[in-house]
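A.B. asks: the following block contains a protein sequence and its predicted model.
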Amino acid sequence: MSEYVIEIDSLTKIYKSGKTEFKALNNVTLHIRKGDFVAIMGPSGSGKSTLMNIIGCLDRPTTGRIMLGGENISTLSDNELAEIRGKKVGFIFQKFNLIPTMNALKNVALPMVFLGASRADRERRGSELLEKVSLTNWATHKPSELSGGEQQRVAIARALCNNPSIILADEPTGNLDTKTGEQIMELLVALNKEGKTVLLVTHAIALKRFANRVINMLDGEVTEET
Amino acid sequence: MMRDIFVMSLDAMRSYKVRTFLTLIGVIIGVGSVIMVTTAGNSVGSFVQVQWNVFNPTGMVIGTGTSGPTPSLSIRSVVFTTNDVDKIQALPNIKAVAPIGIVPLKKVLLRNGFLQWESRPGDIMYASTPALLEILNAELDTGTIFEEGKNEIIISKSFSGVFGKDKTLKVGDTIYIQRVDAKTLEAKIVGILKESRTNYMVGSIATPAIICPTKPYYSTYFGSNVGTIFKRVTAYSVLLAEATDIDHVQVVQDEILNYLNNGSSDAGQYKDKNTVFVVITQQYIVSRIDQVMSVIRTYITAIALISLIIGGIGIANIMFATVTERTREIGTMMAIGAKRRDILQLFLYQSTIIGLLGGIIGITTGIIGSAFVVNLLNQNIQALGGAISQVGGIGLSYSVEWFAIAAVVGVITGIAAGVLPARKAAKMDPVVALRYE
């Protein structure tokens, strides 16, 4: 097996709207090792979200190849992509994106539902993960009853649910105050130390220090800081 | 997994209680009104069926009036003679013919002692022959039939109480009847009828309170009232007839019309030229009622079905709103591994649950509601009094197949109304959905 958990080769993504074309990613090549903590920086419109979406199996490249854990995901069907998303990738969003009608425990274990896990298994795994993010006492609370930091911790626990190898965090501190943001970043660092590959999309330069690799994006092209 | 997604749908519906409730109401009203209308229709329909059995199905009314698709009968024109009665009786397949001479009464009197009279307003009195009893399916409770030419009458059971409970009229009692021409006649009660279970439905031809012989009570003549008695011909406005069996009703009707119109009948001579002879059979009357009923039923059922469709549109509307509102949630679920099929199920379950639940509650509401509606109909019928109330009220007659139809249509409406919104949800691009504000 390759030492890289994510291999991106000559990846191009073109968005078409009517007759105009927009090249969101332009011939991107990027290899990420298992256990890397990568910060992807860049202004809005630079293509970092597009890159993130393709790595997260939410979108397909127009041309080029992307391998996730040795599996070519460039040309998979919707269902196959959904399954890989569930198993190999954990998403963390700026706005937490919890399901408001479900309590913390159910939110955490939701990814297991789509893989067909039993209720008992889900509750065991959910409690385990809530303990990991120190929210055991909040298991039966709905997202609206939690603070922003607590909600993001629930979201992190959810991202870990199916034990994915890659964590994709899109501006995870964007909606939090500095102090809470620090706590969330520390949690991500801890996960990285446990062996998770973390991709952090941000334009907060202050967060660079948590990463061991920093990739800058501009107009759909990547340059790596060394 | 399907079960888990089902539970998720329930959770979501519980979270949007008011919305779910309002959507449910739409379906409940739709299904409920279908049940209510069909049950009411069915109940009235079987009531008419019962009536059909009670009304003598071989009976018919002969008179003058206007023909056409809805013939009408006039009881004012007095044309049929005793000779006509005999001639019609002699026709094949006729079981019985009876004339009806309407004796308009001013009052009935009871003599309690010398100069002590007790009077009551008049009631329906027909001068006829014993054949009338057979045609009306009326039986004597006590006593015998009157004899032509004697001051004898038979009365209905209900009329026997006209002077009060303590003065219930019995066979052998004598009352006095005063006609509208002020002539008062003695009348000995020789028979009392059993409570009648038979009714004629044409105009004022109801089961009479008093049946009497033509002589001496009925005196509608052709010819001069003061002239020689030989020139007087007693005449009746209406005849009742009965065919030997139900298969010959049509034949008898034709025979009677043929006889009346062929020039040999007395009635043909006396009839007003602007009118025609009309024979209305009980079959025709019941079929008319049935026809009207089924038109009304179809019409109202259509309205009820429309309300069910509106309920379905309500579901679709709410589901579309919900899908739009939960766009980001849908994106999130897709991001954490939900397949398009999962999302489709999630929303389809919701609309199906609403359809099913609405169907069940709607049926329950419909059953209760139709009991209420039928009760209301009965009260109205009771208020009308007369013939119909004698055969008892309308019984509740549920139409089970309509329960099934309403339930199935409810669920189908739910699913159908949910399909488009659910497909919209399932087809979303996760990237776009996640970005939705």
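C.D. replies: Yep, that arrived.
A.B. asks: just the buried positions in stretch B:254-273, please.
C.D. replies: B:Glu255, B:Ile256, B:Leu257, B:Tyr259, B:Leu260, B:Ser265, B:Asp266, B:Ala267, B:Tyr270, B:Lys271 (16 or more other CB atoms under 10 Å in any protein chain shown). Heads up, the C-betas are built off the backbone N, CA and C, glycines and all.
A.B. asks: and the residue of chain A that's closest to chain B?
C.D. replies: Nearest residue of chain A to chain B (CB to the nearest CB) works out as A:Gly86 at 2.3 Å.
A.B. asks: next SSE downstream of the helix ranked longest in chain A?
C.D. replies: For chain A, the helix reaching the highest residue count under DSSP state H is reported as helix A:178-193. Where DSSP states H and E defines the elements, the next helix or strand beyond helix A:178-193 is strand A:197-202.
A.B. asks: the very next helix or strand once past that following strand pairs with which strands?
C.D. replies: As assigned by DSSP H and E, the chain's next helix or strand after strand A:197-202 is strand A:213-218. Sheet pairing of strand A:213-218 (DSSP bridges) gives strand A:37-41 (parallel), strand A:221-225 (antiparallel).
A.B. asks: quick check: mean pLDDT across the last one?
C.D. replies: Over the span of strand A:221-225, the pLDDT mean works out to 86.
A.B. asks: if we go by neighbour counts, what in that strand is buried?
C.D. replies: Per 16+ other CB under 10 Å, strand A:221-225 contains these buried residues: A:Val222.
A.B. asks: C-alpha coordinates for it, PDB please?
C.D. replies: This file holds the C-alpha atoms of strand A:221-225, laid out as PDB (Å, rounded to 0.1, in the frame of the first residue of the first chain):
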ATOM      1  CA  GLU A 221      -3.400  26.400  -8.300                       C
ATOM      2  CA  VAL A 222      -1.500  25.100  -5.300                       C
ATOM      3  CA  THR A 223       1.800  26.100  -3.900                       C
ATOM      4  CA  GLU A 224       3.300  24.600  -0.800                       C
ATOM      5  CA  GLU A 225       5.000  26.500   1.900                       C
END
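A.B. asks: and the residue nearest the centre of chain A, what element?
C.D. replies: In chain A, the centroid-proximal residue (CA atoms, centre = their mean) is A:Leu168; its distance is 1.5 Å. Using DSSP H and E, A:Leu168 falls within strand A:166-170.
A.B. asks: that strand versus strand A:197-202: what angle between them?
C.D. replies: Strand A:166-170 and strand A:197-202 are oriented at 10 degrees to each other (axes from the mean of the first three to the mean of the last three CA atoms, to 10 degrees).
A.B. asks: what packs against strand A:166-170?
C.D. replies: Applying 3 or more CB pairs under 8 Å, 6 or more residues apart in numbering or on different chains; DSSP states H and E, one finds that strand A:166-170 contacts helix A:48-55, strand A:89-92, helix A:178-193, strand A:197-202.
A.B. asks: quick check, distance from that strand to the centre of its chain.
C.D. replies: Counting by CA atoms, centre = their mean, to the nearest Å, strand A:166-170 is centred 2 Å from the centre of its parent chain.
A.B. asks: does the residue nearest to the centre of chain A have beta-bridge partners, and which?
C.D. replies: A:Phe91, A:Leu199.
A.B. asks: show residues contacting the helix or strand of chain A with the lowest mean pLDDT.
C.D. replies: Of all helical and strand segments in chain A, the minimum by mean pLDDT, DSSP states H and E falls on strand A:221-225, at a mean of 86. Contact partners of strand A:221-225, identified using CB atoms under 8 Å, 6 or more residues apart in numbering or on different chains, comprise A:Asn26, A:Asn27, A:Val28, A:Thr29, A:Leu30, A:Gly47, A:Leu51, A:Arg213, A:Val214, A:Ile215, A:Asn216, A:Met217.
A.B. asks: a markdown table for the helices and strands packed on strand A:166-170, including mean neighbour count and mean pLDDT?
C.D. replies: Converted to a markdown table, these look like this (neighbours: other CB atoms under 10 Å in any protein chain shown; pLDDT from 0 to 100):
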| stretch | mean neighbour count | mean pLDDT |
| --- | --- | --- |
| helix A:48-55 | 24 | 92 |
| strand A:89-92 | 26 | 95 |
| helix A:178-193 | 16 | 93 |
| strand A:197-202 | 24 | 94 |
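A.B. asks: a markdown table for these, including distance to B:Gly191?
C.D. replies: Formatted as a markdown table, the helices and strands packed on strand A:166-170 follow (distance: least, CB to CB, whole Å):
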| stretch | distance to B:Gly191 |
| --- | --- |
| helix A:48-55 | 100 |
| strand A:89-92 | 98 |
| helix A:178-193 | 104 |
| strand A:197-202 | 106 |
